[in-house]
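>>> The sequence isn't on hand, but the structure is:
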DNA sequence: AAGTCGGGGCC
DNA sequence: GGCCCAGACTT
């Protein structure tokens, strides 16, 4: 056993490094796409979609020339659809402003849409050998416990302290990209929410292990209470085509997506929906059972579906098959599934 | 610094 | 039913 921490991390990582398929062939484009796909997403949920995406858009140029609707389809069901839009826009910027070569410096990367501190630091450390600490949830858990960092996870104070403590790794013989990836894997399989200190190579260096304070770190801000949302969806249909509306941002959920006409309290889509009928619809909906339960960050959503006989002005008409491709959210997919069940309507 | 934005897996 | 996750962006 080595007697200093960076060497232990390096030998542990050399032995335990995950051989992910997306790591077999590595270039900065693939690393970039991988980081975007895995943001706030578990690897198992994303890896098949990621594989398909890299086969469909193998280069930054092919992505830049690709159709945004095709890009969005690759993200179907994964949430955070703005990351798909940002990624597509970023590819066009890289082609136009960087001769289709993704920059490798942190400063240049950070200016690209959808690339924040974490992704810029990962790409610059792996592909530019910059000694810069990435900070994701895993880094936060590992470093906060190792050094008992007394600041809340997303504060500037925490970032400053973490960067200072991480110097011992970044200034070691370990390549900076490996430092960031090893810290991440450490947090992923050992320093988990309930940490596995008995198998940790670093426990004798760890302040939280010494003081038995693992559950006090990382320090967090108090959680936000979930808000209950009653969402009435109005299903307007002409023959086999259903009417949907583009959420330009006036409706509070799923901005940029196609939605059925909807009412949530005083939010309405389409916004020119006749104000007169709304109160009656809300009254009628009170007697109806909830058709779909869904959760969106800090919200518990109860959806009631009401089939309507006529149609509204504006809006677009699509068949269920078409909507299954055009609607990317799991909520709308749940609704479409209900509409396919003839017993319910 | 806090709020917003999807969704699913896990306990 | 709450917590958490390979975060970025706006306010």
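Nice, thanks for sending it over. A quick note: this is a predicted structure, and the numbers were derived from the prediction, not measured. Numbers count the residues shown, from 1 in each chain, chains lettered A, B, ... in the order given.
>>> Closest residue of the stretch 151-300 of chain A to DNA strand C?
Per CB to the nearest atom of the strand, residue A:184 is where the stretch 151-300 of chain A lies closest to DNA strand C, at 3.9 Å. For the C-beta atoms, the positions are set from N, CA and C on the backbone; glycine is no exception.
>>> Angles on the backbone of that residue, please.
Dihedral pair for residue A:184: phi -70, psi -50, per degrees, to the nearest 10.
>>> For it, give me the pLDDT.
Note on residue A:184: pLDDT of 95.
>>> The one 5 residues further on too?
At residue A:189, the predicted lDDT confidence score is 92.
>>> Count the neighbours of it for me.
Using other CB atoms under 10 Å, residue A:189 has 13 neighbouring residues.
>>> Check residue A:119 too.
21.
>>> Same question for residue A:101.
11.
>>> that older thread, mind checking how far the residue of the stretch 151-300 of chain A closest to DNA strand C is from residue A:139?
7 Å (CB to CB, to the nearest Å).
>>> Repeat that for residue A:107.
Taken as CB to CB, the span from residue A:107 to residue A:139 is 20 Å.
>>> Those two: which is more packed in?
Per other CB under 10 Å, whichever of residue A:107 and residue A:139 has more neighbours is residue A:139, with 23 against 10.
>>> related to what we said a few turns ago, what's near enough to touch the residue of the stretch 151-300 of chain A closest to DNA strand C?
A:134, A:136, A:138-139 (CB atoms under 8 Å, 6 or more residues apart in numbering).
>>> Recalculate using a threshold of 6 Å.
Applying CB atoms under 6 Å, 6 or more residues apart in numbering, we find residue A:184 in contact with residue A:138.
>>> From what I see, residue A:201 and residue A:10 are in contact.
No. Under the criterion of CB atoms under 6 Å, residue A:201 makes no contact with residue A:10, lying 10.3 Å away.
>>> Tell me the spacing between residue A:173 and DNA strand B.
33 Å (CB to the nearest atom of the strand, to the nearest Å).
>>> now residue A:319
For residue A:319, the distance to DNA strand B - CB to the nearest atom of the strand - is 20 Å.
>>> before we move on, what about residue A:269?
In terms of CB to the nearest atom of the strand, residue A:269 sits 13 Å off from DNA strand B.
>>> Equivalent analysis for residue A:279, please.
Counting by CB to the nearest atom of the strand, the separation of residue A:279 from DNA strand B is 25 Å.
>>> Pretty sure that residue sits in a strand.
No. Checked against DSSP: H, G, I helix; E, B strand; the rest coil, residue A:279 lies outside a strand; its state is helix.
>>> Any figure for the gap between it and residue A:28?
56 Å.
>>> more crowded one of those two?
For residue A:279 and residue A:28, the more surrounded residue by other CB under 10 Å is residue A:28, and the numbers stand at 18 against 9.
>>> Chain neighbours aside, what residue packs nearest to that one?
Using CB to CB, 6 or more residues apart in numbering and skipping residues adjacent in sequence, the residue nearest residue A:28 is residue A:127, 4.3 Å away.
>>> Figure out the helix or strand that the residue of chain A positioned farthest from its centre lives in.
The C-alpha centroid of chain A is most remote from residue A:276, which lies 39.0 Å away (CA atoms, centre = their mean). According to DSSP states H and E, residue A:276 maps onto helix A:275-286.
>>> and if you look at residue A:180?
helix A:176-189.
>>> residues of that helix that come out buried?
For helix A:176-189, a neighbour-count test (16 or more other CB atoms under 10 Å) marks A:176-188 as buried.
>>> Please apply the same query to stretch A:36-51.
A:36-39, A:41, A:46-47, A:49-50.
>>> Which helix or strand lies directly C-terminal to the helix or strand bottoming out on mean pLDDT in chain A?
Here the helix or strand of chain A ranked lowest by mean pLDDT, DSSP states H and E is helix A:21-24, holding a mean of 85. Note on helix A:21-24: by DSSP H and E, the next helix or strand toward the C-terminus is helix A:28-38.
>>> ok, the following helix or strand past that following helix near DNA strand C or not?
Next in sequence after helix A:28-38, counting helices and strands by DSSP H and E, comes helix A:43-56. Yes. With CB under 7 Å from any atom of the strand as the criterion, DNA strand C is reached by helix A:43-56 at residue A:43.
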